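Engineer: My questions concern the predicted model and sequence given below.
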Amino acid sequence: MGKDVIVACDFANAKQTYEFLDKFTDKKPFVKIGMELFYAEGPAIVREIKKRGHKIFLDLKLHDIPNTVKKSMAVLSNLDVDICNLHAGGTIPMMEAAIEGLTRADGTRPLLIAVTQLTSTDQESMERDLLIHEKIDEVVIHYAKNAKKAGLDGVVCSPLEAGKVHESCGKDFLAITPGVRFADGEIGDQKRVMTPKQAREIGSDYIVVGRPITASADPVKAYQRCVDEFID
Ligand code: C5P
């Protein structure tokens, strides 16, 4: 899969999601389904969106003992999603078990991406609550290297970290980056943002874009603007 724009479908239910997706009559965007929508609607929404012709990044961020993660990943793999993710904090054996669970009988599997330290965790909370005293940037890169060792395909990271991730883990190791805003758009609650064009220049492989598209008066036009800036 090449570079693409992934639309974060952060809607509360299926009705709102389909109303949004119905606007895309031409190209069907790659979409991200997160915990809120998945817990509200269950696997049926994944099947329906897949049937409508979208690729799916199922953002459930698994983190449990290896056996549980392995079995759960097998279930998600059967849903035929394109990208799944987990917390690298679950350690290498958990990540290896996830790959085993995801791999289908024919050897194919969805891409598997790790969350390193959440962007809501800062140096202070990491030291205070997790007793991790290294620099947070180094922790992020260390977790990315662990993910690579375990056989994963990439990490979710800030666009500002994408270059460093490629330097440390190779250019084929994917950097999927949220925190994208148009130069003339609202930043909202995101702190460190980049435009789609800057994300392209810095080497993001996929950008995850929510409100600049979903809250736009013309979502199809906003999506196309992202694609034009990021890919074309
Ligand atoms: O609306 P917005 O463009 O801010 O949406 C970004 C999406 O990426 C949301 O689904 C958010 O949960 C997700 N995300 C993020 N920052 C991270 C990880 C995920 O914004 N570090």
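Structural biologist: Now that the structure is in, tell me what you want to look at. Residues are numbered from 1 along each chain as shown.
Engineer: any idea where the helices of this protein begin and end?
Structural biologist: Using DSSP state H, the helices of the chain run over 14-21, 35-41, 43-51, 66-78, 92-102, 123-130, 136-149, 159-169, 196-202, 211-214, 219-230.
Engineer: Can you tell me which residues in this protein are near the ligand?
Structural biologist: Counting by Cβ under 6 Å from any ligand atom, the positions of the chain adjacent to the ligand are 8, 10, 34, 118-119, 156, 178-179, 190, 208-212. Bear in mind the C-beta positions are built from the backbone N, C-alpha and C, glycine included.
Engineer: burial measure for Val69, as a count.
Structural biologist: 25 (other Cβ atoms under 10 Å).
Engineer: One more: Ser158?
Structural biologist: Residues lying near Ser158 (other Cβ under 10 Å) number 21.
Engineer: so how far is Gly90 from it?
Structural biologist: Between Ser158 and Gly90 the computed distance is 21 Å (Cβ to Cβ, to the nearest Å).
Engineer: wait, doesn't Ser158 sit right on Ile176?
Structural biologist: No: contact criterion Cβ atoms under 8 Å: Ser158 and Ile176 do not qualify, at 10.7 Å.
Engineer: Kindly provide the distance from Asp22 to Ala147.
Structural biologist: 36 Å.
Engineer: Between the two, point out the one with more neighbours.
Structural biologist: Neighbour tally, Asp22 and Ala147, criterion other Cβ under 10 Å: the higher count belongs to Ala147, 25 against 9.
Engineer: how much space is there between that one and Val193?
Structural biologist: Taking Cβ to Cβ, one finds Ala147 at 24 Å from Val193.
Engineer: what's the answer for Thr116, then?
Structural biologist: Taking Cβ to Cβ, one finds Thr116 at 18 Å from Val193.
Engineer: who's more crowded, the two?
Structural biologist: Set Thr116 next to Val193 and count neighbours by other Cβ under 10 Å: Thr116 wins out with 24 against 20.
Engineer: For that one, give me its contacts.
Structural biologist: By Cβ atoms under 8 Å, 6 or more residues apart in numbering, the contact set of Thr116 is 88, 139-140, 143-144, 147, 155-157.
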